[in-house]
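J.: build me a structure from this.
(2 chains)
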Number of protein chains: 2
Amino acid sequence: MRDAYHEELDALTDRLVEMTRLVRSAISRATTALLDADLQLAEQVISRDEEVNALYSGIEGSIFDLMARQQPVAVDLRLVITALRMGADLERMGDLAVHVAKVARLRHPDSAIPAEIRSTIIEMGQIAENLVTKAGGCIASRDVEVALELEQDDDAMDRLHRRLFRTILSKDWSHGVEPAIDITLIGRYYERYADHAVSVARDVVYLVTGTRPE
Amino acid sequence: MRDAYHEELDALTDRLVEMTRLVRSAISRATTALLDADLQLAEQVISRDEEVNALYSGIEGSIFDLMARQQPVAVDLRLVITALRMGADLERMGDLAVHVAKVARLRHPDSAIPAEIRSTIIEMGQIAENLVTKAGGCIASRDVEVALELEQDDDAMDRLHRRLFRTILSKDWSHGVEPAIDITLIGRYYERYADHAVSVARDVVYLVTGTRPE
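T.: Numbers count the residues shown, from 1 in each chain, chains lettered A, B, ... in the order given. Below is the predicted model:
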């Protein structure tokens, strides 16, 4: 049987995994809201971010509590420290999904996404979801192999990000400055979302091995 | 006389203050590099970011060490936890200065900044420097009043950020899409830089009072 201390540490892991679920759902809905100019869905993403923030505050509180009462050492210390950092990354990913949703809301009833950009945004959304799903899996399983895969997966996001710029900078771009600005910001949000997911995975590697991946 | 434990805690504070100095210098030089299309200065900002990263790694190492050996409680525990977070914010501010410098490098020998945007960028650079200087002061002095001022100072950055968008979206904008994209990203970098400085100041408030500002 696990004692209360180890149950608290397990609960920390569970809540981080729950955060990955919430921010995966957020970016998924934000992408749909953006593509379909769905105001209701955009508003949902924006209002539900409070859940993510509350979960993070709870994690922070538990960590301070655990540190003060239990003074964890070795791998347990690494868990509480990395949990703090992973929580911060996941909280930020929630914010970035909100930023995407806010662009959708700002341009409603129009779509911020011209036809020739749609497929790139769909792919960016899929990679973002895939990255956070994997990150959540790693937190639960502590599988270092999978955690190390995320950097490669992130390269795909960077390629899509570059493709986005090529499209808005091409001679064929007919939509002018405003949509170009929207897409610049949206591209940045997805790219940062992916970076934070990679950072979570790197923390899993550190948690398990005690060393940071190169 | 301070014992070794308290000297280590003081050293943590000193190194965070040193980080604020480095990232202040980085954003200052990056702004100049951007405005003057100064390639050498841009390269300097980019290469010197290693110092910031090394300082942050050192802080992280000390914190793990302190936690494992000394098991700090109460305000000391808050210091090590917030130092970890403040260090992460400052490290990110260094990255954002590098991003600004990279835009300068990319457009060299041209300037990425058209004449009508210059004064806004100068002001954004000044506010960024002012915010990080104040944040460094707060870390050293633990002055909560000053720390709370940073949110108001950040409002000025948000106003400049909106002014930037108004300019690139105005009918008079004659520079087309590419400079608009550069300026969108640059504006975002300064705004995020400022947000991280505010976040450092919020952590000072938490460190001193044990509660987060609203």
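
J.: flag every residue of chain A that's near chain B.
T.: Contacts of chain A with chain B, taken as C-beta under 8 Å from any C-beta of the partner chain, map to A:63-64, A:67-68, A:71, A:73-74, A:77-78, A:81, A:84-85, A:88, A:165, A:168-169, A:173, A:176-178, A:180-181, A:184-185, A:188. In this view, the C-beta of every residue, glycine as well, is placed from N, C-alpha and C.

J.: swap in 6 Å and give it another go.
T.: By C-beta under 6 Å from any C-beta of the partner chain, the residues of chain A that approach chain B are A:67-68, A:71, A:73, A:77, A:169, A:177-178, A:180-181, A:184.

J.: quick one: the helix or strand that residue A:60 is a member of to helix B:39-70, angle?
T.: According to DSSP states H and E, residue A:60 maps onto helix A:39-70. Helix A:39-70 runs at 50 degrees relative to helix B:39-70, counting by axes from the mean of the first three to the mean of the last three C-alpha atoms, to 10 degrees.

J.: what's the local residue count around the residue nearest to residue A:53 when sequence neighbours are not counted?
T.: Closest residue to residue A:53 apart from its sequence neighbours, by C-beta to C-beta, 6 or more residues apart in numbering or on different chains: residue A:91 at 6.3 Å. Close neighbours of residue A:91, defined as other C-beta atoms under 10 Å in any protein chain shown, add up to 20.

J.: and for residue A:136?
T.: Neighbours of residue A:136 (other C-beta under 10 Å): 21.

J.: which residues touch it?
T.: A:17, A:20 (C-beta atoms under 6 Å, 6 or more residues apart in numbering or on different chains).

J.: tell me the buried residues in the helix or strand hosting it?
T.: Residue A:136 belongs to helix A:115-141 when assigned by DSSP H and E. For helix A:115-141, burial by neighbour count (16 or more other C-beta atoms under 10 Å in any protein chain shown) applies to A:117, A:120-125, A:127-132, A:134-139.

J.: quick check: the residue nearest to residue A:53 vs chain B, distance?
T.: 12 Å (C-beta to the nearest C-beta, to the nearest Å).

J.: so which residue of chain A comes closest to chain B?
T.: For chain A and chain B, the shortest gap (C-beta to the nearest C-beta) falls at residue A:71, measuring 4.0 Å.

J.: since we're on the nearest residue to residue A:150 once chain neighbours are set aside, how many residues are nearby?
T.: Using C-beta to C-beta, 6+ apart and skipping the chain neighbours, the partner closest in space to residue A:150 is residue A:201 (4.0 Å). Counted with other C-beta under 10 Å, the neighbours of residue A:201 add up to 30.

J.: cool, residue A:200 as well?
T.: By other C-beta under 10 Å, the burial measure for residue A:200, its neighbour count, is 28.

J.: that one contacts residue A:86, doesn't it?
T.: Yes - in this structure, residue A:200 is within contact of residue A:86 by C-beta atoms under 6 Å, at 4.9 Å.

J.: which residues touch residue A:197?
T.: Contacts of residue A:197 by C-beta under 6 Å, 6+ apart are A:131-132, A:135.

J.: related to what we said a few turns ago, for the helix holding residue A:60, name the packing helices and strands.
T.: The helices and strands touching helix A:39-70, judged by 3 or more C-beta pairs under 6 Å, 6 or more residues apart in numbering or on different chains; DSSP states H and E, are helix A:4-36, helix A:74-107.
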